[in-house]
Each structure stands twice: as C-alpha cells, then as structure tokens.
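A.B. asks: heads up, no residue letters with this:
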C-alpha cells in the first residue's frame with residue numbers, strides 16, 4: 001500500500017516556504033523568480049502525487065487515476081531542471097545564459113516531457129489498468145535524466161565555486177545529496193513516496209540559507225547586497241560585456257534616519273528601487289548607508305535615464321503620513337571602460353560617497369582616475385603603517401588672544417610614504433575609520449603624546465595641554481577610557497594636560513553611546529573639543545548636552561566671514577553664544593592678518609592656522625614657541641618705531 005504521509009508532509013513544508021517567501025516581499029530578481037518556479041514545480045508534483053496515490057483507494061475510475069498519474073509525472077519531471085535553473089540563476093540573469101547552457105537545461109527536459117505527454121499512446125513510462133499503477137521500461141530514462149541534472153548542478157557548482165559563498169555551496173550540496181538519496185529510496189521502495197518530501201526539505205533549507213536576505217540581499221530593503229554585486233558583475237567583466245553602473249548616494253542619509261526613522265528610509269529605498277526598475281534598471285545593489293548601485297544594460301539613452309532619475313528626486317517621497325524631498329548625487333560609470341573589475345566598481349562607489357563636492361551628476365569618465373588610484377593606495381598605506389608602526393606626529397601651535405602667546409598645540413598624525421609623500425590625517429582618517437584601524441592609530445597617537453608630555457614637552461614650550469584627535473568610533477570601543485587612563489598613569493601625565501578633539505560627525509544615536517564615556521573622562525579632569533563646528537550635520541544640542549570645553553570653528557566659516565556680512569554676523573553671534581555657555585572658542589584655518597584681526601575684534605579665545613605657523617615636529621615646536629613673537633607685539637613695536 002502506498003504511503004501518502006510523505007506527500008502530506010511535503011505540502012505542509014511547502015506551505016511554510018510559500019508563507020515565508022511571501023512575507024519577505026522579494027524583489028523581482030531572476031534568482032527569486034527561479035526559486036518560485038522551483039517550489040511551484042515541487043508543489044504541483046506533491047499535490048498530484050497525493051491525489052493520484054489517494055485515487056488508488058478512493059476513486060474507482062480508471063481514467064481519473066490515469067490522468068492524475070500523468071499530471072504527476074509532467075510536473076515531477078520539472079523539479080530537477082528547475083533546481084538547476086535556480087543554481088545557475090545565483091550567478092547569472094536569464095539574458096546572460098549562453099546557447100549551450102539553454103540547450104543543456106531544456107533539451108533533456110523537452111525529451112522527457114515528450115515521452116510523458118505521449119505515454120497515453122505508447123505506455124512507455126507507465127501503465128495504469130484496473131486502478132493499478134505499473135512502471136515501464138521508460139521510467140529508467142526519466143531517472144537517467146534526473147541524474148543528469150543533479151550531476152550538472154554538481155559540475156556547475158564546482159566550476160563556479162569562487163563566485164559562491166560557503167552558505168551557497170553548503171545549500172547546493174545539501175540539495176543534491178538529499179534529492180539523490182530520496183530518488184534512490186523511491187527507486188528501491190516504490191511505495192515510499194519520499195522524492196517530493198526530500199525536495200521540499202531542500203526548498204526549506206534554501207529559503208533559510210541562500211534565499212535568506214542576509215546571504216544574498218540587504219535585509220532592510222530586499223535589494224542585492226555588496227557580496228552579490230561582486231558575484232553578479234564578475235560574469236560581465238569576464239565576458240567584457242558593456243553596461244552602465246550608477247552609484248546613487250543619498251545626502252544626509254543619517255539625518256533622514258534620525259528624524260524619520262530607519263523604517264522610513266528603508267521604505268524610501270524600496271520605492272526608489274521600484275522607480276528604477278520601471279526605468280529599465282537590470283539589477284540594483286544596496287551597499288548600506290544610503291548608497292545604491294544600479295546596473296543598466298548598454299544603451300544610448302543613458303543621459304535621458306539619468307535626467308529622469310534627477311527629475312523624480314525633485315519630487316517628494318511619501319510613506320504613511322510622512323513625506324520629504326530626498327537629495328541625491330549620481331555617479332555614472334561605463335563598464336568595463338571606467339571599471340574593469342568588481343572591486344574597482346566598489347572603489348568608485350566608496351570614493352564617490354566621500355567626494356561630497358562632486359555635484360549632482362558626475363560621469364566618472366570625466367574624472368582624473370588618479371584620485372581613485374590614490375584612494376586605493378592610501379588604503380594600502382594605512383594598513384602598512386599600522387603593521388609597521390610608521391606613523392609620525394606633527395604639532396600645530398594654537399595662539400591665545402587672551403595671553404597673547406602660543407598656549408597649546410594640536411597633535412596630528414600623518415603617514416610618511418615613499419611613493420605618496422606625506423599622507424595627512426584628514427586624508428587617511430576616513431579610510432582608517434571604515435577599516436577599523438582608527439582605534440589602533442588613536443592609541444598610538446595618544447601614547448606618543450604622553451611620551452612627549454612626560455619628557456617635558458609642556459614645560460619647555462610653556463603649554464597648558466596637548467589636543468589629540470579622537471574618532472567617535474574610538475569612543476565606542478570597549479575599555480578605551482580605562483586604557484587611556486592607564487597609559488596616562490604609566491607616563492605620569494595629569495588629566496588636565498590632555499584634551500580630546502572629537503569630529504563633528506556625531507549623530508543622535510552616537511551621542512547617546514558616547515555620553516557616558518565623555519562624562520567619565522571629564523570627571524577625571526580631561527577636556528573635550530568639538531571639531532569643525534559650522535560645516536557638519538550635527539545638532540547644536542550636542543554642544544550643551546555633552547561635556548565640551550572647547551569648540552573649534554571650521555576654517556571655511558572664518559573665510560566666509562571675511563567676504564560675507566551675514567556670515568560675519570553669524571560668526572560673531574556664535575562666538576558670543578559659546579562665551580555665554582562658558583565654552584572656549586578656537587578658530588581654525590586662520591591664514592591671513594585680516595582673519596586674525598577680525599577674530600581679535602570678535603573676542604575669539606584661540607586661533608590656529610598658517611598665519612601663525614605650519615605643522616611642526618617636536619623639535620621644531622620647541623624652537624618656534626620659545627622664539628614666538630605675537631602679531632599684536634609686532635604691531636605695537638612697529639607703531640613705536642614710527
């Protein structure tokens with residue numbers, strides 16, 4: 001007697017697969033479509049298998065029993081080919097399938113389906129008489145073709161193993177093993193209908209691994225992720241296929257996330273993807289942080305497409321009761337001309353995201369590629385410097401308007417590179433933050449400054465303290481405060497001799513994370529400076545909610561105040577406000593006597609820039625500070641002489 005429990009179990013598992021597939025709201029990529037075809041084939045095979053095996057005992061009509069067996073074989077024969085289709089789709093879109101691949105995929109299936117469809121005439125596959133089902137000699141051919149497809153999957157996976165992640169390899173190996181085992185069991189024990197059950201287990205496994213958004217797509221948006229971009233575009237580069245890749249960067253993405261919520265921004269990106277698909281986008285990859293890469297096939301109307309995208313972003317985006325205008329920048333890269341590899345594409349995306357002054361639309365072919373080469377070289381130089389501890393420190397003297405002398409110095413690390421020259425902190429800092437090396441760099445900078453102070457660096461120069469840059473990411477490191485306190489005790493450095501300068505790129509979320517860190521160190525006597533005030537996206541509330549003793553105003557704000565009356569008024573108001581809050585002000589980028597005098601009249605506390613001195617090493621700093629003659633003193637001497 002045929003056991004139908006395996007059919008029931010298979011249908012139950014497939015119901016779970018369908019439910020999860022629906023709830024995930026899959027984007028219309030080919031590998032999602034092929035997975036859907038695969039589970040539909042298994043489902044129809046299981047349903048007709050259940051009905052046909054039940055008909056042997058319930059419906060005593062020979063024709064109905066025959067037709068149910070016939071439909072069962074039609075859909076059952078499609079399961080292995082659709083499994084192969086899914087395996088190939090993980091690496092290629094349908095249009096990229098070669099002619100031989102299509103023949104290898106469909107020719108055996110067409111032959112099998114032809115044999116099944118003609119079975120009512122030939123009885124080559126099975127016979128069904130007097131409500132009894134019998135396999136015939138043609139059944140061997142069906143199993144042979146199924147073995148061909150499973151073997152094809154194995155060979156394809158081995159050949160393409162470098163393009164597949166470990167999770168993909170495990171899932172495909174599981175699929176082949178389970179299906180092969182189920183086929184053998186059903187061949188030996190025909191009454192145990194385990195084939196569909198085995199395939200339903202494979203479908204569930206694939207759903208939880210390969211089809212899981214974490215492995216192929218970004219969880220929040222359902223779009224392809226960074227790893228998939230590498231795997232998908234690799235095929236195009238191997239074939240030298242021409243295509244366009246648009247990198248779309250959402251400006252102020254963190255601000256949107258803070259004010260409207262992550263759910264809103266995720267849904268906006270989904271809506272953006274829908275619009276892009278409607279404009280002819282072939283594949284869309286989301287790299288996180290508001291960076292989306294959009295692949296268009298090669299066509300002559302790329303300028304028209306870019307214009308349409310820009311026009312769409314001039315209109316508001318809506319979600320529930322919220323709506324907003326999304327400001328974006330677009331970089332157009334022609335592949336393989338502008339980028340000849342997947343890694344080069346990602347380098348372009350990273351470079352463009354950092355290049356915030358690029359304008360709304362940038363064609364990468366018009367850009368001097370040396371900038372991208374340098375960005376890659378800087379990344380390598382940072383790694384080399386971290387391993388070999390080849391960083392150096394410069395000091396920038398800071399003038400005090402109140403005491404009319406050099407009051408302290410800002411420590412700034414740089415990388416001396418034989419081929420790139422001196423790589424400034426401003427240039428390598430973003431690279432080190434993204435790579436995570438900034439924590440190591442920060443610790444080494446701090447220890448070097450502690451050595452400088454311990455060796456008499458403050459007393460010999462008449463300084464109050466040394467200011468050290470610190471990343472917000474550093475502040476989030478476990479036990480960082482304890483490490484720094486221990487290092488200060490090791491070198492006998494007093495807390496008031498150190499001031500941490502924190503980047504202006506603080507978000508509301510980060511301010512909550514570093515609040516305790518800053519307060520703990522502040523209570524121990526260390527001070528903090530808010531860097532580059534006036535050019536970033538941070539909220540002014542961070543100034544009075546976090547324990548900042550100093551605020552450094554960006555050099556661009558100082559420059560603007562020299563030529564713009566409104567900017568000058570805002571600068572003067574800012575200086576007055578900080579004075580009311582009891583926060584000392586530092587003017588950065590002071591490079592002329594005019595800016596010096598303006599700040600003097602506005603009662604700024606400190607100033608730093610080329611007007612006073614360039615960057616100096618420790619030995620040069622001592623000579624400079626001891627021989628420094630203030631601009632006010634020079635002016636007084638000049639008046640006296642006249």
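C.D. replies: Arrived safely. Values in this document were obtained by computation on a predicted structure and should not be read as measured data.

A.B. asks: in the protein, which helix has the most residues?
C.D. replies: Looking across the chain with DSSP state H, the single longest helix is helix 30-55.

A.B. asks: buried set for that helix?
C.D. replies: Neighbour counts using 16 or more other CB atoms under 10 Å place 30-32, 34-39, 41-53, 55 of helix 30-55 among the buried residues. Yep, even glycine has a C-beta here, placed from its N, CA and C like the rest.

A.B. asks: show me what that helix is packed against.
C.D. replies: With contacts defined as 3 or more CB pairs under 8 Å, 6 or more residues apart in numbering; DSSP states H and E, helix 30-55 has these neighbours: helix 5-23, helix 62-76, helix 79-89, helix 195-208.

A.B. asks: nearest to residue 333, out of these?
C.D. replies: Closest approach to residue 333 among the helices and strands packed on helix 30-55 (CB to CB): helix 79-89, 25.1 Å.

A.B. asks: tell me the helix or strand right after the closest one.
C.D. replies: helix 99-117 (DSSP states H and E).

A.B. asks: and for that following helix, what's in contact with it?
C.D. replies: Under the contact criterion CB atoms under 8 Å, 6 or more residues apart in numbering, helix 99-117 has outside partners 70, 73-74, 77-78, 81, 84-85, 88, 97, 122, 124-125, 138, 141-142, 145, 148-149, 152.

A.B. asks: how close does residue 364 get to residue 358?
C.D. replies: Separation of residue 364 from residue 358 (CB to CB, to the nearest Å) stands at 10 Å.

A.B. asks: whichever of the contacts of helix 99-117 end up buried, select them in PyMOL.
C.D. replies: To isolate in PyMOL the members of these that are buried, counting by 16+ other CB under 10 Å, one can use:
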select buried, resi 70+73+74+77+78+81+84+85+88+97+125+138+142+145+148+149+152
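
A.B. asks: what are the buried residues along the host helix or strand of residue 186?
C.D. replies: Using DSSP H and E, the element containing residue 186 is helix 166-188. For helix 166-188, the neighbour count (16+ other CB under 10 Å) marks 168, 171-172, 175-176, 178-180, 182-183, 185-186 as buried.

A.B. asks: give me the low-pLDDT residue ranges for the stretch 151-300 of the chain?
C.D. replies: 163, 165, 212-216, 258-260, 299-300 (pLDDT under 70).

A.B. asks: returning to that earlier point: redo the helices and strands packed on helix 30-55 as JSON lines? Include distance to residue 579.
C.D. replies: Converted to JSON lines, these look like this (distance: least, CB to CB, whole Å):
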{"stretch": "helix 5-23", "distance to residue 579": "57"}
{"stretch": "helix 62-76", "distance to residue 579": "80"}
{"stretch": "helix 79-89", "distance to residue 579": "65"}
{"stretch": "helix 195-208", "distance to residue 579": "60"}
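
A.B. asks: mind checking which of these is nearest residue 370?
C.D. replies: helix 79-89 (38.8 Å).

A.B. asks: how about residues contacting the closest one?
C.D. replies: Against helix 79-89 from outside (CB under 8 Å, 6+ apart): 30-31, 33-35, 37-38, 41-42, 45, 97, 101, 105-106, 108-109, 145-146, 149-150, 152-153, 156-157, 172, 175, 179, 195-196, 199, 202, 206.

A.B. asks: how about a cut-off of 6 Å?
C.D. replies: With contact meaning CB atoms under 6 Å, 6 or more residues apart in numbering, helix 79-89 is reached by 30-31, 34-35, 37-38, 41-42, 45, 109, 146, 149, 152-153, 156, 172, 199.

A.B. asks: now it: how far from the chain's centre is it?
C.D. replies: Using CA atoms, centre = their mean, to the nearest Å, the mean C-alpha position of helix 79-89 is found 30 Å from that of the whole chain.

A.B. asks: need the contact list for residue 375.
C.D. replies: residue 351.

A.B. asks: which element is it on?
C.D. replies: helix 370-388.

A.B. asks: okay, the angle between the helix or strand just after that helix and helix 370-388?
C.D. replies: Toward the C-terminus, helix 370-388 is succeeded by strand 392-400 as the next helix or strand (DSSP H and E). Interaxial angle of strand 392-400 relative to helix 370-388 (axes from the mean of the first three to the mean of the last three CA atoms, to 10 degrees): 100 degrees.

A.B. asks: picking that back up, show me which of the buried residues of helix 166-188 is closest to residue 285.
C.D. replies: Once CB to CB is applied, the member of those that ends up nearest residue 285 is residue 168, at 17.0 Å.

A.B. asks: isn't the closest one up against residue 210?
C.D. replies: Yes. The criterion here is CB atoms under 6 Å, and residue 168 meets it with residue 210 at 5.4 Å.

A.B. asks: what's the straight distance from one end of stretch 315-328 to the other?
C.D. replies: One end of stretch 315-328 sits 12 Å from the other (CA to CA, to the nearest Å).

A.B. asks: so how far is it off the chain centroid?
C.D. replies: Remark: stretch 315-328 is offset 22 Å from the chain centroid, using CA atoms, centre = their mean.

A.B. asks: what number of residues lie near the residue lying closest to residue 178 once chain neighbours are set aside?
C.D. replies: Using CB to CB, 6 or more residues apart in numbering and skipping the chain neighbours, the partner closest in space to residue 178 is residue 198 (4.8 Å). Number of residues near residue 198 (other CB atoms under 10 Å) recorded here: 23.

A.B. asks: quick one: contacts for residue 198?
C.D. replies: The neighbours of residue 198, taking CB under 6 Å, 6+ apart as the test, are 178-179, 182.

A.B. asks: quick one, helices of the stretch 201-350 of the chain?
C.D. replies: Along the stretch 201-350 of the chain, the segments classed as helices by DSSP state H, counting those that start in this stretch run 213-216, 226-238, 253-260, 262-278, 302-313, 342-354.

A.B. asks: and these: which comes nearest residue 540?
C.D. replies: Comparing the helices of the stretch 201-350 of the chain by CB to CB, helix 253-260 comes nearest, at 13.8 Å.

A.B. asks: report pLDDT for residue 77.
C.D. replies: Looking at residue 77, its pLDDT stands at 92.

A.B. asks: burial count for the closest residue to it other than its chain neighbours?
C.D. replies: Excluding its sequence neighbours, the residue lying closest to residue 77 (CB to CB, 6+ apart) is residue 112, at 4.8 Å. Around residue 112 sit 26 other residues, with neighbours defined as other CB under 10 Å.

A.B. asks: against residue 44, how distant is residue 112?
C.D. replies: 16 Å.

A.B. asks: likewise residue 22?
C.D. replies: Applying CB to CB to residue 22 and residue 44 gives a distance of 18 Å.

A.B. asks: can you check residue 362 too?
C.D. replies: 50 Å.

A.B. asks: ok, residue 190 next?
C.D. replies: In terms of CB to CB, residue 190 sits 21 Å off from residue 44.

A.B. asks: same thing with residue 609?
C.D. replies: Distance from residue 609 to residue 44, by CB to CB: 75 Å.

A.B. asks: again, but for residue 285
C.D. replies: Residue 285 sits at a distance of 33 Å from residue 44 (criterion: CB to CB).

A.B. asks: what do you get for residue 32?
C.D. replies: Residue 32 is 19 Å from residue 44, by CB to CB.

A.B. asks: quick revisit: tell me the angle of the helix holding residue 186 relative to helix 195-208?
C.D. replies: 170 degrees.

A.B. asks: so what touches helix 166-188?
C.D. replies: So helix 166-188 is contacted by 87, 150, 153-154, 157, 194-195, 198-199, 201-202, 205-206, 209-210, 215 (CB under 6 Å, 6+ apart).

A.B. asks: so that helix versus helix 30-55, what angle?
C.D. replies: Using the same axes, to 10 degrees: helix 166-188 against helix 30-55 is 20 degrees.
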